[in-house]
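Engineer: Sequence and predicted structure below; questions after.
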Amino acid sequence: MDPRDGELHLGLISGTSADGIDAALVRFEGPHCTLVRGETYRWDPALRARLVALGQGGDARSLDEIGMLDVQVAEAFADAALRLIQSARMTPGDVRSIGSHGQTIRHRPAAAHPFTWQIGDANVIAERTGIDTVADFRRRDLAAGGQGAPLVPAFHAALLHDANEARAVLNLGGIANFTLLPKQGDVRGFDTGPANALMDAWCEQHHGTPFDAHGAFAASGRIDEALLERLLAEPWFTLPPPKSSGREHFHLEWVRTQVRGGESPEDVQATLLELTARTVADALRAHQPDTRRVLACGGGVHNPVLLARIAANLPGVRVESTAAHGLDPDFVEAMAFAWLARETLAGRPGNVPAVTGARGPRVLGVVYPR
């Protein structure tokens, strides 16, 4: 019996959309895990606005600003962890580790000197919570020649693979990404393009709400086929895996360069939604055409219009939530970083080289002792 069985680990992540800090308290028993409690904690609005601006390619005002943001994000993450532990009626001493993804402000895997940057100083998290904290998961994979992303496919494979059925796990966060789980053979995964990040940004600018609740704004418009074709002409979509992206590529200015000026806001929203559905479907047909089931997670699961369009673009493929397989779709990524922290502490690799393009398996992250 593994002496680590029964341990609690806590995962923290704020994704591309920066719509909140997802916190998941997870109990592990061998290859199985149980979500003990999950919560999403909203950012301070002013801090979120600054993080979104930086994530979309905006320049920092100074090194001092970056330094202070690093600590502010860490304080918010530590607070989220402590609030979750309290709401679960536990104490920090009950938790073996925290796996903290941090907040991405830049992801440049194709730069002359590739880098990825997640802020949220783990020293602060460990000090404030009194819990061993594992962070900085992406940079070791990048140093080994990988993209540093996506990192969740190893977790998907451990929990959702089925030897009798070709499956794909679709994360609909700010960016959409696939984990491909063939009946036999290597796990693969890659980003497919924008998901909620563009739709949220357009909705906030033109509708005054931070996201398109239930896809109602998109449903009120019609797909502009000419605009859709201009968006689909983006060269990034034709790049082969491994590939990853973020707000620094797919942002509002990117949309504005393709809008001619006569489109209604609701038609643009409908077209952005269709862009996600079309690029997701195109990627799946190109890289795992025998897929029979898509398991969706992330915030986009709550957009029935988006799920319906994905299903319409994938005839013969069942599209359903990971909830049908025991994983809360809102906390899959936070659970994955709890799992990655556990793997790091056990000295096991957390990346999948066939996914990221790294030269080989690597133990990810840095341990910050309590």
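Structural biologist: Happy to help now that I have it.
Engineer: what about the helices in the protein?
Structural biologist: Applying DSSP state H to the chain gives helices spanning 45-55, 63-87, 122-129, 138-143, 153-160, 196-207, 216-219, 225-232, 252-256, 265-287, 304-312, 332-345, 353-356.
Engineer: Counting by contacts, list what the last one packs against.
Structural biologist: What it means is helix 353-356. Applying 3 or more Cβ pairs under 8 Å, 6 or more residues apart in numbering; DSSP states H and E, we find helix 353-356 packed against strand 188-194. For every residue, glycine as well, the C-beta is placed using N, CA and C.
Engineer: List the contacts of the strand it packs on.
Structural biologist: 149-150, 152-153, 156, 174-180, 234, 236-237, 241-245, 250, 272, 275-276, 279-280, 282-283, 287-288, 352, 354-355 (Cβ atoms under 8 Å, 6 or more residues apart in numbering).
Engineer: let's see it at 6 Å
Structural biologist: 150, 153, 175-180, 241-245, 250, 279-280, 283, 354-355 (Cβ atoms under 6 Å, 6 or more residues apart in numbering).
Engineer: That one pairs with which strands, and in what direction?
Structural biologist: Paired neighbours of strand 188-194 in the sheet (DSSP bridges): strand 175-181 (antiparallel).
Engineer: CA atoms only: put stretch 306-319 into CSV for me.
Structural biologist: The C-alpha coordinates for stretch 306-319 follow below in CSV (Å, rounded to 0.1, in the frame of the first residue of the first chain):
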residue,chain,number,x,y,z
LEU,A,306,-21.3,26.5,-27.5
LEU,A,307,-21.7,22.8,-26.7
ALA,A,308,-24.5,22.5,-29.2
ARG,A,309,-22.4,24.0,-31.9
ILE,A,310,-19.5,21.8,-31.1
ALA,A,311,-21.8,18.7,-31.3
ALA,A,312,-23.3,20.0,-34.6
ASN,A,313,-19.7,20.2,-36.1
LEU,A,314,-18.9,16.7,-34.9
PRO,A,315,-21.7,14.4,-36.1
GLY,A,316,-21.5,10.9,-34.7
VAL,A,317,-19.5,12.1,-31.7
ARG,A,318,-21.1,12.2,-28.2
VAL,A,319,-20.3,15.5,-26.4
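Engineer: for the protein, which strand is longest?
Structural biologist: Identified as the longest strand of the chain according to DSSP state E is strand 95-108.
Engineer: relative to strand 175-181, how tilted is that strand?
Structural biologist: Between the axes of strand 95-108 and strand 175-181, defined by axes from the mean of the first three to the mean of the last three Cα atoms, to 10 degrees, the angle is 120 degrees.
Engineer: I'd like to know how far L252 sits from L69.
Structural biologist: 21 Å (Cβ to Cβ, to the nearest Å).
Engineer: what about these two, which has more around it?
Structural biologist: L69 (20 against 16; other Cβ atoms under 10 Å).
Engineer: residue contacts, that one?
Structural biologist: Here L69 is in contact with I119 (Cβ under 6 Å, 6+ apart).
Engineer: Let me know the pLDDT of it.
Structural biologist: The per-residue pLDDT reported for L69 equals 97.
Engineer: Repeat that for D2.
Structural biologist: 60.
Engineer: got any ranges where the protein has weak pLDDT?
Structural biologist: Within the chain, the stretches with pLDDT under 70 are 1-4.
Engineer: Please report phi then psi for T291.
Structural biologist: Backbone torsions for T291, taken as degrees, to the nearest 10, come to phi -60, psi 130.
Engineer: ok, back up a step: closest to F28 out of the helices of the chain?
Structural biologist: With Cβ to Cβ, the closest approach to F28 among those belongs to helix 332-345: 6.1 Å.
Engineer: Send me that closest one as CSV with only the CA atoms.
Structural biologist: The C-alpha coordinates for helix 332-345 follow below in CSV (Å, rounded to 0.1, in the frame of the first residue of the first chain):
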residue,chain,number,x,y,z
VAL,A,332,-10.7,19.6,-13.3
GLU,A,333,-7.8,21.9,-13.8
ALA,A,334,-7.4,22.8,-10.2
MET,A,335,-7.6,19.1,-9.3
ALA,A,336,-4.9,18.5,-11.9
PHE,A,337,-2.5,20.8,-10.2
ALA,A,338,-3.2,19.1,-6.9
TRP,A,339,-2.3,15.9,-8.7
LEU,A,340,0.8,17.4,-10.3
ALA,A,341,2.0,18.6,-6.8
ARG,A,342,1.6,15.0,-5.6
GLU,A,343,3.6,13.7,-8.5
THR,A,344,6.4,16.2,-7.9
LEU,A,345,6.7,15.3,-4.2
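Engineer: Please give me every residue in contact with I98.
Structural biologist: I98 is in contact with L10, A81, I131, T133, counting by Cβ under 6 Å, 6+ apart.
Engineer: go again using 7 Å as the cut-off
Structural biologist: L10, L12, A81, I125, T129, I131, T133, A341 (Cβ atoms under 7 Å, 6 or more residues apart in numbering).
Engineer: Count the residues that sit near the second one.
Structural biologist: So that's L12. Residues lying near L12 (other Cβ under 10 Å) number 28.
Engineer: switch to numbering from 43
Structural biologist: Fine by me, first position is 43 from now on; the one you just mentioned is L54.
Engineer: State the distance from it to P284.
Structural biologist: To P284, L54 is 25 Å away according to Cβ to Cβ.
Engineer: do the fourth one as well
Structural biologist: In this structure, I167 lies at 29 Å from P284, with Cβ to Cβ as the measure.
Engineer: and the helices of the chain, which is most packed in?
Structural biologist: Comparing the helices of the chain by mean neighbour count (mean count of other Cβ atoms under 10 Å), helix 374-387 ranks first with a mean of 26.
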